[in-house]
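**Q** output the structure for:
(one chain, ligands or ions: 1)
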Amino acid sequence: MEKICGFYYGRLPIIIISDLDLLKQIQIKDFQKFTGRPMLIPGGAQPVNELKSQLTLQRGEHWKEVRSLLTPTFSSSKMRQMTPIMQKAIGILMEKIDEKAQTEEDFDIYEMYQELTTDVIGQTAFGIQTNVQQNPEDPFLTNCRAIFNIQTSEFLIFLLMCFPELYNILYPIRKLVDVIWHQIFSTPGRSLIEGVTKVIEERRKNPALRRADLLQMMLDARMAREDIQNVTAKQLTAGEDEPTEDVSKDKKYGKKQMKFVTDTEIKANSILFLLAGYETTSTALGFTTHILVNRQDVQERIREEINDVLGQDGVLDYNTVNELRYLDQVFSESLRVYPPVITFINRVADEDCQLGDFKIPKDTAIQVPVWQLHHDPEIWSEPYEFKPERFLPENKKDIHPMAYQPFGSGPRNCIGMRMAQLEAKLALARILRSYKLVPSEKTEIGEIQYNVKFLTIGPVHGIHVKVVPV
Ligand code: HEM
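**A** Numbers count the residues shown, from 1 in each chain. The predicted structure follows:
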């Protein structure tokens, strides 16, 4: 199989690379030469000023600065502090599942997962007491829908892709069209930004309103400018095994010049966490549930493990969920078979560079073909078979780190990885401790039909199950 090929997206050259050594060079060893992500929609999807400060749109030193400030927000200790918010939201999910158990009816658990992850992001990143799970009219949900349904002039985007030299003329026109459009029809993100602005002001005025959530951690984040320069690639990388040093702890900074996350950056990144964290986590939960409903033996083993670790009365919390090794293997394997994010692992060359035998010109986009890597028979035996034992410690050590990338790789990997893993495993463990997930007439047996969205994949028909108390 060819390990490198390319195509033009409009006028943007994109190279797809599946050679693991070259990927290691791009994503890890020489990551400073590939700090940006390609702008697939010229000028960005949302040319509204506040949203331009999102982490994903930054490159070079500025990206490093913001990423250095934000990475500790997702450290293990911060996730431990945030667990009660997740637990409460999962409690509501459990109440809804209880109702379905009583009526013995089939239901789409994927929809429930989407509401759960929306509540978790609303409460952690925006600091708003959302209740999307119980109230379909919750204003947070209405505003989220608006932001997911952003309309842009497709014709202008098409022209911009084909004639980048006309950017200076076409981009202001596109912005004007967007502004007028949004003035007349809707203001996506506006209400969300206003909501988070209010919470920020209230928390600054009244310290008693502080909470252990992503918003507070962004408000508290600070680092000396000179310390940011010394942040290593490892510290920037969100990882399971290497806890990032908590650089925002109460430290004595003396007269050092300090960097903070600005209010504009906080608001933009709250929106980004919503876009990046809601659909991805619910899709991962959905695909894992599809596998579980098809594999009663796997469910049974997880249940046995939960009972071994917790006994009759043990509490499922941050510590105990991390002791569930088999559940972790199942979730990891599910992300291999169905990686939810398939088109977002990408970089841009910041300068001309040499990749093996290839000269890569500055501004060339690189795409990591995660679906192909995860299903390459040269890397995985029987790649379409679900085998959690691939992630047993004695087997995991032999997996090439670049061959498994559900959360990307290197210093620009998924910053929310720990949060997603914790939320998903807590939800799955709580469900399986109380219920058997069994197929209904609508459950897809074996293969599941999925469709490809802009950045993610998702189940076409939802995930239909019935639940039976254990
Ligand atoms: C199962 C759930 C999730 C999956 C599969 C996932 C996957 C990914 C992937 C593949 C990337 C690109 C990494 C790369 O280019 O190397 C990414 C980036 C990112 N993710 Fe996630 N993600 C998930 C959940 C979350 C959550 C919960 C959040 C935040 C609350 C989040 C925030 C981000 C951000 C901000 C980036 C961009 C990082 C940067 O550009 O520096 N993700 N994610």
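**Q** are the longest helix along the chain and the ligand in contact anywhere?
**A** Among the segments of the chain that qualify as a helix by DSSP state H, the longest is helix 263-294. Yes: Helix 263-294 is in contact with the ligand by Cβ under 6 Å from any ligand atom, via 272-273, 276-277, 280-281, 284. Quick note: C-beta positions are derived from backbone N, CA and C, even for glycine.
**Q** give me the helices and strands touching the helix or strand that that helix is followed by, please.
**A** Following helix 263-294 in sequence order, the next helix or strand is helix 296-310 (DSSP states H and E). In terms of contacts (3 or more Cβ pairs under 8 Å, 6 or more residues apart in numbering; DSSP states H and E), helix 296-310 is packed against helix 263-294, helix 325-337, helix 417-434, strand 435-438.
**Q** can I get the ones you listed in CSV with mean pLDDT?
**A** Shown next, in CSV, are the helices and strands packed on helix 296-310 (pLDDT from 0 to 100):
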stretch, mean pLDDT
helix 263-294, 93
helix 325-337, 98
helix 417-434, 97
strand 435-438, 97
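**Q** need those in a markdown table (columns: mean neighbour count).
**A** Converted to a markdown table, the helices and strands packed on helix 296-310 look like this (neighbours: other Cβ atoms under 10 Å):
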| stretch | mean neighbour count |
| --- | --- |
| helix 263-294 | 23 |
| helix 325-337 | 21 |
| helix 417-434 | 22 |
| strand 435-438 | 19 |
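**Q** out of the ones you listed, flag the one nearest Val120.
**A** Of all the helices and strands packed on helix 296-310, it is helix 417-434 that lies closest to Val120, at 5.9 Å by Cβ to Cβ.
**Q** right, and Lys425 touches Tyr326 too?
**A** No: if you go by Cβ atoms under 8 Å, Lys425 and Tyr326 don't touch, sitting 11.0 Å apart.
**Q** please enumerate the strands of the protein.
**A** Along the chain, counting by DSSP state E, strands occupy 4-9, 12-17, 107-108, 222-224, 258-260, 346-348, 353-355, 358-360, 365-367, 435-438, 450-452, 457-459, 464-469.
**Q** deepest-packed of those strands, please.
**A** When you average the neighbours per residue for each of those (mean count of other Cβ atoms under 10 Å), strand 365-367 leads with a mean of 22.
**Q** and it, what does it pack onto?
**A** Short answer (3+ Cβ pairs under 8 Å, 6+ apart): strand 365-367 packs on strand 12-17, strand 346-348.
**Q** now look at the longest one and say if it contacts the ligand.
**A** Which is strand 12-17. No: judged by Cβ under 6 Å from any ligand atom, strand 12-17 stays clear of the ligand, getting no closer than 13.2 Å.
**Q** okay, now the sheet partners of that strand, with direction.
**A** Its sheet considered, strand 12-17 pairs with strand 4-9 (antiparallel), strand 365-367 (parallel) by DSSP bridges.
**Q** just the C-alphas of that strand, formatted as PDB.
**A** Taking Å, rounded to 0.1, in the frame of the first residue of the first chain, the C-alpha atoms of strand 12-17 are listed here in PDB:
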ATOM      1  CA  LEU A  12      -5.000  23.900  -0.900                       C
ATOM      2  CA  PRO A  13      -2.500  21.000  -1.400                       C
ATOM      3  CA  ILE A  14      -3.200  18.200   1.100                       C
ATOM      4  CA  ILE A  15      -0.900  15.300   1.600                       C
ATOM      5  CA  ILE A  16      -2.200  12.100   3.300                       C
ATOM      6  CA  ILE A  17       0.500  10.200   5.100                       C
END
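**Q** what comes into contact with it?
**A** 3-8, 23, 26, 38, 40, 161, 346, 355, 360-361, 364-369 (Cβ atoms under 8 Å, 6 or more residues apart in numbering).
**Q** go with 7 Å
**A** With Cβ atoms under 7 Å, 6 or more residues apart in numbering as the test, strand 12-17 has contacts from 3-7, 23, 38, 364-367, 369.
**Q** just flag the most distant two among those.
**A** Farthest pair in those (Cβ to Cβ) is Lys3 and Pro38. Separation: 20.1 Å.
**Q** so which of these two has more stuff around it?
**A** Neighbour comparison, Lys3 and Pro38: the larger count goes to Pro38, with 17 against 13 (by other Cβ atoms under 10 Å).
**Q** is it true that that one touches Asp350?
**A** No: contact between Pro38 and Asp350 fails when scored by Cβ atoms under 7 Å: they sit 11.9 Å apart.
**Q** quick revisit: could I get the contacts of strand 12-17 as a markdown table with distance to the ligand and pLDDT?
**A** Rendered in a markdown table, the data for the contacts of strand 12-17 read as follows (distance: Cβ to the nearest ligand atom, whole Å; pLDDT from 0 to 100):
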| residue | distance to the ligand | pLDDT |
| --- | --- | --- |
| Lys3 | 19 | 91 |
| Ile4 | 18 | 92 |
| Cys5 | 19 | 93 |
| Gly6 | 18 | 93 |
| Phe7 | 19 | 92 |
| Leu23 | 10 | 97 |
| Pro38 | 11 | 88 |
| Thr364 | 16 | 93 |
| Ala365 | 12 | 95 |
| Ile366 | 10 | 96 |
| Gln367 | 10 | 96 |
| Pro369 | 12 | 96 |
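**Q** let's have those residues in JSON lines, adding distance to Leu51.
**A** Supplementary listing: the contacts of strand 12-17 in JSON lines, determined by distance: Cβ to Cβ, whole Å:
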{"residue": "Lys3", "distance to Leu51": "36"}
{"residue": "Ile4", "distance to Leu51": "34"}
{"residue": "Cys5", "distance to Leu51": "33"}
{"residue": "Gly6", "distance to Leu51": "30"}
{"residue": "Phe7", "distance to Leu51": "28"}
{"residue": "Leu23", "distance to Leu51": "30"}
{"residue": "Pro38", "distance to Leu51": "18"}
{"residue": "Thr364", "distance to Leu51": "26"}
{"residue": "Ala365", "distance to Leu51": "21"}
{"residue": "Ile366", "distance to Leu51": "25"}
{"residue": "Gln367", "distance to Leu51": "24"}
{"residue": "Pro369", "distance to Leu51": "28"}
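**Q** looking at those, which is nearest Ala268?
**A** Pro38 (19.1 Å).
**Q** got a list of what the closest one touches?
**A** Residues in contact with Pro38, defined by Cβ under 7 Å, 6+ apart, are 12, 346, 348, 365.
**Q** again, only this time at 10 Å
**A** Each residue near Pro38 by Cβ atoms under 10 Å, 6 or more residues apart in numbering is listed here: 9, 12-14, 346-349, 363-367.
**Q** report the beta-bridge partners for the spatially closest residue to Ala101 that is not a sequence neighbour.
**A** Closest residue to Ala101 apart from its sequence neighbours, by Cβ to Cβ, 6 or more residues apart in numbering: Val467 at 4.8 Å. When bridges are taken as DSSP bridges, the partners of Val467 come out as Leu437.
**Q** could you count how many residues lie near the closest residue to Leu373 other than its chain neighbours?
**A** In space, and not counting its chain neighbours, Leu373 is closest to Ala403: 5.6 Å by Cβ to Cβ, 6+ apart. By other Cβ under 10 Å, 18 other residues sit near Ala403.
**Q** before we move on, what about the one 5 residues further on?
**A** By the other Cβ under 10 Å criterion, the neighbourhood of Gly408 contains 21 residues.
**Q** sounds good, over and out.
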